[in-house]
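>>> Need coordinates for the below:
(chains A and B)
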Amino acid sequence: MKKPVLLLLGALLVSVSLLSACSSDDDGDSTAEATATTASETATATEAATETTTAEASATTAAGAEGTATDLLGREVTVASPPERIVTLSPSAIEILYAVGGEAVGRSTTAVHPEGVESLEDIGPSYQPNFEAVLALDPDLVIADASAQAHLLDQITAALGDVPVVFVGAVVYDDVATSMGILGQLLGKQTEAEAAIAEMEAAKADAEAAAADQTPPKVLIIDGAPDDFFVALPDSWPGSLVEVLGGENVAASQPAAGPFPGYTQLSLEAILASEADVILAITLGPPGATLSQGILGETAYADLPAVQNGRVHEIDAEVFLQAPGPRAADGLRELAEYLYPAAR
Amino acid sequence: MATSRPSPRMIRAAPALSGAALLLVLAMLLAVSVGAFLLTPSEVLRGLIERGDPVTARIVHDLRLPRVMIAALVGANLAIAGALLQGITRNPLGDPHLLGFSAGAGLFAVIAIDVLPATPTAIVTPAAFVGSLVSAAVVYALAWRSGITPVRFALAGVAVAALFTALSTAVLATSDRFTQSVLAFLAGGLYGSGWDEVQHIWPYTLIAGAGAIVMADNLNVLALGDDVARSLGMRVERVRLGLVVVAALLTGSAVAVAGLLAFIGLMVPHVARLAVGGDYRAVVPLSALLGALLLVLADTLARVVIAPVEIPVGIVTAVLGAPALLLLIRTRT
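Numbers count the residues shown, from 1 in each chain, chains lettered A, B, ... in the order given. This is a model prediction of the structure:
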């Protein structure tokens, strides 16, 4: 009785470690690289890559054959011929696709823009796409979200196998144009993509013109519910739009805190000390009082310059938070009015 | 020390074991058939063998089959661990979840995922196993006073479970991981499980499961009480330690793949005992089969109830498990 138990145990431990060691060496560091680099980090690198590949890609797709592009995660994506059955996994993905003249056969649950896409097949929420539903649509291209779904890269590619997957999206404003270029190449729709990119750049130029020679206001960007909200840092999506406009983000020196990269939480005192000139509020959660109403109704905030001067603005949750994409062009113009009302 | 020659009791268990095995096969076939769209059994088989229609083949072979296998392996692991722990503690509340084994595994897995941002899944399983062992060691040390008494073991386990769960929640609350994935881990879920995860768990199930079945007879002796077991010549502490390590192996690998999945380890061994009586040589293998069966069915429900959205399977097992357990307790007494 005595020895056998120990022996058995020893044998058991050794064999388990051996077995699991030899069975688990196949998944390498692909996750490591891909998820470690966020879209914004790779954005500059891929922009350069996009520019260089534009020429060759237009050459190949013009011949009606294959299209190749480097996506926002730095992956090379190839389609054999212009894809016809495209499934999108996030609101950003579908908006960018339609902006370059593409059409989808499937969409994520919350993707409701542009008009008409609600009638497309629902493949589940973007944080947990249902891969069976995706495959059931027999896609020849799947568009995933480079910022919201980078951590799902391995699961997505493993589940979809040989279906090409391209990661686009946006963490900063210029990512939208980069993403348009990528999809334009893959779809063989360079002309449409160039027009869409031009529109993004025109909006940026307008915004920069509005900001020229103006004193940059101190801006506080908040999202959430009246009693529980986060503050957007310059490297978040709404934060990046304010950066384009030259606004001074009052939380710029803060480290990220809480579950969302690019966002932090500020105490009431820190917000009062910020002396924000403009507050941009994004209301999330169940319908009811908006975040800006909550700020205006709270006496503690009454002395903030933004409150006193009536510069607390409610901005759209989809455009400025949930679905970074082409609508940011108009979004930028809207923000320019809030930040530089005198320039109009 | 009893021999493992088939006793009348074991022969009586044969129908229950083969019945459970048959049900498990049927449940797995059903699980592979339903999902975003329904497949007939013949389509499933064609997808598996001929790989005819590429879409069907991919869905059957790459999505549903690994997922169903994971559910079966995780369910078996947790149920066996539960049976072992109920035997070791001589306590009907023995369960890897309640006794802190899952919490330790969860804590180490969470730390591995959070601290090393790009942890390959291959590391998470050993980390969870180590965590499971650490919590077992802590429980053991806390319960030790010149030997282990089952009651102290159970109480120490509950305390350690509370502590490690709190620590995991603290790590997760300050983590910048996506909240949805965190939620799925805490509730227990199999979303996105593929062949990789199967690779990470089957060696544990096979070896630790076999170890558990081989050692199950010791639980029968332990059930007589430590004094009787000792007088029968058993090295009680050594055997108990061995069984604890096996339970930790099973729990750790299950948690690494499926998160903190409650209720299976607690409930399934009771159902098994109801069917075959108290002989652990029958209870352990039957628990394995029934645990697999339960999780395969629960995971199928989790996938299809509000498709295309999935509910974490841990919620299904709890919603089904809690009333089932209460019913069992009432009809038994």
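
>>> is it true that residue B:292 touches residue B:70?
No - Residue B:292 lies out of contact with residue B:70 (C-beta atoms under 8 Å); the separation is 10.4 Å. C-beta: built from backbone N, CA, C; applies to glycine.

>>> between these two, who's got more neighbours?
Set residue B:292 next to residue B:70 and count neighbours by other C-beta atoms under 10 Å in any protein chain shown: residue B:292 wins out with 31 against 26.

>>> Could you confirm that one falls within a helix?
Yes - counting by DSSP: H, G, I helix; E, B strand; the rest coil, residue B:292 is found in a helix.

>>> which residues sit in contact with it?
Residues in contact with residue B:292 (C-beta atoms under 8 Å, 6 or more residues apart in numbering or on different chains) are B:24, B:71, B:72, B:73, B:75, B:76, B:79.

>>> ok, how many other residues are close to residue B:307?
17.

>>> what about stretch B:268-286, start to end distance?
For stretch B:268-286, the first and last residues are 9 Å from each other (C-alpha to C-alpha, to the nearest Å).

>>> That stretch close to chain A?
No - judged by C-beta under 8 Å from any C-beta of the partner chain, stretch B:268-286 and chain A are separated, with a smallest distance of 14.8 Å.

>>> So what touches that stretch?
In contact with stretch B:268-286 (C-beta under 8 Å, 6+ apart) are residues B:4, B:7, B:9-10, B:12-13, B:16-17, B:20, B:75, B:78-80, B:82-84, B:86-87, B:92, B:94, B:212-213, B:216-217, B:219-220, B:223, B:287, B:290-291, B:294, B:325, B:328, B:332.

>>> Give me the buried subset of those.
B:13, B:16-17, B:20, B:75, B:78-80, B:82-84, B:86-87, B:94, B:212-213, B:216-217, B:219-220, B:223, B:287, B:290-291, B:294 (16 or more other C-beta atoms under 10 Å in any protein chain shown).

>>> Please flag which of the contacts of residue B:292 sit within helices.
If you go by DSSP state H, the contacts of residue B:292 have B:24, B:71, B:72, B:73, B:75, B:76, B:79 in helices.

>>> How about the contacts made by residue B:96?
Counted by C-beta under 8 Å, 6+ apart, residue B:96 has contacts B:78, B:81, B:82, B:85, B:102, B:132, B:247, B:250, B:251, B:254, B:265.

>>> Tell me if I am right that it is in a strand.
No - under three-state DSSP, residue B:96 falls outside any strand and is assigned coil.

>>> where does residue B:273 land in three-state SS?
Going by three-state DSSP: residue B:273 is helix.

>>> For it, give its distance to chain A.
24 Å (C-beta to the nearest C-beta, to the nearest Å).

>>> Look up how far residue B:170 lies from that residue.
37 Å (C-beta to C-beta, to the nearest Å).

>>> and if you look at residue A:233?
24 Å.

>>> Have a look at the two and say which one is more surrounded.
Taking other C-beta under 10 Å, residue A:233 and residue B:170 do not tie; residue A:233 has more neighbours (23 against 12).

>>> pLDDT below threshold where in the chain?
You didn't say which chain, so I picked chain A. Scanning chain A with the threshold set as pLDDT under 70 gives A:1-65, A:258-259, A:343-344.

>>> let's do chain B instead
Looking at chain B by pLDDT under 70, you get B:1-10, B:50-52, B:116-122, B:147, B:175-184, B:332-333.

>>> Filter the contacts of stretch B:268-286 down to the ones in helices?
B:9-10, B:12-13, B:16-17, B:20, B:75, B:78-80, B:82-84, B:86-87, B:212-213, B:216-217, B:219-220, B:287, B:290-291, B:294, B:325, B:328, B:332.

>>> hmm, who's touching stretch A:235-243?
A:40, A:147, A:170-173, A:219, A:221, A:223, A:232-234, A:249, A:260-263, A:280, A:282, A:315, A:320-321, A:324, A:328, A:331-332, A:335, A:339.

>>> could you redo the last one with a cut-off of 6 Å?
Outside stretch A:235-243, the residues that touch it by C-beta atoms under 6 Å, 6 or more residues apart in numbering or on different chains are A:172-173, A:219, A:221, A:232-234, A:249, A:262-263, A:320, A:324, A:332, A:335.

>>> Determine which two of the residues you listed are furthest apart.
A:263 and A:332 (20.2 Å; C-beta to C-beta).

>>> out of the two, which sits in the busier spot?
Counted by other C-beta under 10 Å, residue A:263 and residue A:332 do not tie: residue A:263 has more neighbours, with 26 against 22.

>>> show me the contacts for the more buried one.
Counting by C-beta under 6 Å, 6+ apart, the residues that residue A:263 touches are A:230, A:232, A:236.

>>> If you tally nearby residues, what's the number for the second one?
One way to gauge burial is a neighbour count; for residue A:232, by other C-beta under 10 Å, it gives 28.

>>> How about the last one?
Applying other C-beta under 10 Å, we find 29 other residues in the vicinity of residue A:236.

>>> ok, it to residue A:262 distance?
3 Å.

>>> Likewise for the second one?
From residue A:232 over to residue A:262 the distance is 7 Å, taken as C-beta to C-beta.
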